[in-house]
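Asks: make a model of this:
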Amino acid sequence: MPLFSALQCKCALFILVTAATLAPVAYSQDAIFHANPTHTGVFNAPGVPEFHKVRWLFRTKGPVLSSPIVSGDSVYVGSTDHNFYALDLATGNVKWKFETGGRVQGSAVISNGSVFFESYDSNLYCLDAATGKLKWKFKTDGEHRFAAKHLHGGEPAAELMPDPFDFFLSSPVVANGLVYFGSGDGNVYALDAVTGYMKWRFKAGDVIHASPALADGTLYVGSWDSYFYALDAATGKEKWRFKTGEDPDIHNQQGIQSSAAVADGVVYFGCRDSKFYAVDAATGKQLWAFSNKGSWVISSPAIRDGKVYFATSDTGLFHTLDAKTGAPIFSIDFKHWPMFSSPAIAGDFAYIGSHDGRLLAISLKSQKLAWSFDTDGRKQNAATYTKEDGSPKYEAAFFDFFYDDMVSGVYKMFAIGSVLSSPYVAGSTVIFGATDGIVYALE
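Replies: Residues are numbered from 1 along each chain as shown. Predicted coordinates for the structure are as follows:
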């Protein structure tokens, strides 16, 4: 479609900024999901080597699945209560909140005084970061979760089932005046960061809820269609695609939820086919793959000093591998509690959330758990959903393979205050959200 026609079709979907702001602006990230545009998860901060206290907590009215980001003296985070919040970094007090028409389950990016995030109402929002005032919004072709028949072996087998484990929305990245994000409609979008006008979009074969990583003018992102894509950031043209596994019967071992990280010319990402991949960033050629023996990899990797860190789903393992070869360095077993959270590296520690309602601080020197923090949900409900050996007591939440029971079971397990949110490290504070509806700041 010609650019002029595309703009005509979209014109009713925008709230425009004043004409005085339409001069070109070299936008870059001030704060973003997983620390930087390449999503390596490394924070230049001392972190919390020893836990001392809760600095503050903030209660929303729904589970917090999105990951907070910090810019200046503000924390920005969305909730399933349909609101997006700006909180004071020192106190946790609300600076402003903005109500959307749906759940906010993706993380934001801050750039040049604007905050960009996606909501399940199918809009990407651009707000003034200082005031929360709407600058513009862009309507996609319709946000939705991955869906398939006989999903995870659920009944009735002929029914199309949205995946209850498709928790996150894509988090944007900004560069060269454009904001990029994926959507459940199967598109990667590139919008003008000042006006919201669509510059280009790329159509994949299914839902894109991973967050695109940006490196050297290329966007890297995976889809539920089983392909991982490299796109030219200026034009949206496909450079290459990489095929992962499929599961045509029950679609359990299929799809890319993990957001990629890029370092030293290599793209790293996990997949629900239970493999963790290292792919050449220039060519898309597989360099190595690490088998997780049937366990999903939803966690996005962190990379530093020639090592890659990630976690698994139902096997509940925190892995450290050699980034060049994929050879295991060490693993820590967390008793089969899934980890969808992504590790944040600061100093000599990795911080990651667990479905068991804890934030885990792992010493990278001793290769052991240094300390952990229990959410309010865990304190109240861990006994109900935990076996004596410390592993998940799924039989307390799931009763059969009927789809409705699968959905209700997922939310029953959320009562434990699961941490699916990825921690953000700001100075000597670690901030994250939990399914008990609370945003926590620890020091």
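Asks: Lys387 contacts Lys393, correct?
Replies: Yes. With contact defined as CB atoms under 8 Å, Lys387 counts as touching Lys393 (4.8 Å). C-beta here means a position set from N, CA and C on the backbone, and glycine is covered the same way.
Asks: number of nearby residues for Asn83?
Replies: For Asn83, the count of nearby residues is 19 (other CB atoms under 10 Å).
Asks: can you give me the helices for this protein?
Replies: Taking DSSP state H, the helices of the chain run over residues 3-10, 376-385, 403-413.
Asks: worst average pLDDT in these?
Replies: The stretch with the lowest mean pLDDT among the helices of the chain is helix 3-10, at a mean of 40.
Asks: how about low-confidence regions in the stretch 1-150 of the chain?
Replies: The model of the stretch 1-150 of the chain has pLDDT under 70 over residues 1-29.
Asks: higher neighbour count, Lys387 and Lys393?
Replies: For Lys387 versus Lys393, the count of surrounding residues by other CB under 10 Å is larger for Lys393: 16 against 13.
Asks: quick one: residues contacting that one.
Replies: Thr384, Tyr385, Thr386, Lys387 (CB atoms under 8 Å, 6 or more residues apart in numbering).
Asks: apply 10 Å and report the result again.
Replies: Ala382, Ala383, Thr384, Tyr385, Thr386, Lys387, Met413, Ile416 (CB atoms under 10 Å, 6 or more residues apart in numbering).
Asks: buried subset of those?
Replies: The neighbour count (16 or more other CB atoms under 10 Å) marks Ala382, Tyr385, Thr386, Met413, Ile416 as buried among those.
Asks: show me the strands in the stretch 301-443 of the chain, by range?
Replies: For the stretch 301-443 of the chain, the strands defined by DSSP state E, counting those that start in this stretch cover 302-304, 307-311, 317-322, 328-333, 344-346, 349-354, 358-363, 368-374, 424-426, 429-433, 438-442.
Asks: which secondary structure elements does the last one contact?
Replies: Helices and strands in packing contact with strand 438-442 are listed as strand 54-59, strand 74-78, strand 83-88, strand 358-363, strand 368-374, helix 376-385, strand 429-433; criterion 3 or more CB pairs under 10 Å, 6 or more residues apart in numbering; DSSP states H and E.
Asks: and the fourth one, by the same measure?
Replies: In terms of contacts (3+ CB pairs under 10 Å, 6+ apart), strand 328-333 is packed against strand 307-311, strand 317-322, strand 358-363, strand 368-374.
Asks: now Lys324: how far from Ala213?
Replies: To Ala213, Lys324 is 19 Å away according to CB to CB, to the nearest Å.
Asks: Asp356: what's it in contact with?
Replies: 316, 334-339, 372, 374-375, 378, 382, 385-386, 390-392, 413, 416-419.
Asks: recalculate using a threshold of 6 Å.
Replies: By CB atoms under 6 Å, 6 or more residues apart in numbering, Asp356 lies in contact with Trp337.
Asks: wait, isn't Pro212 in contact with Val221?
Replies: Yes. Pro212 is in contact with Val221 according to CB atoms under 6 Å; the separation is 4.1 Å.
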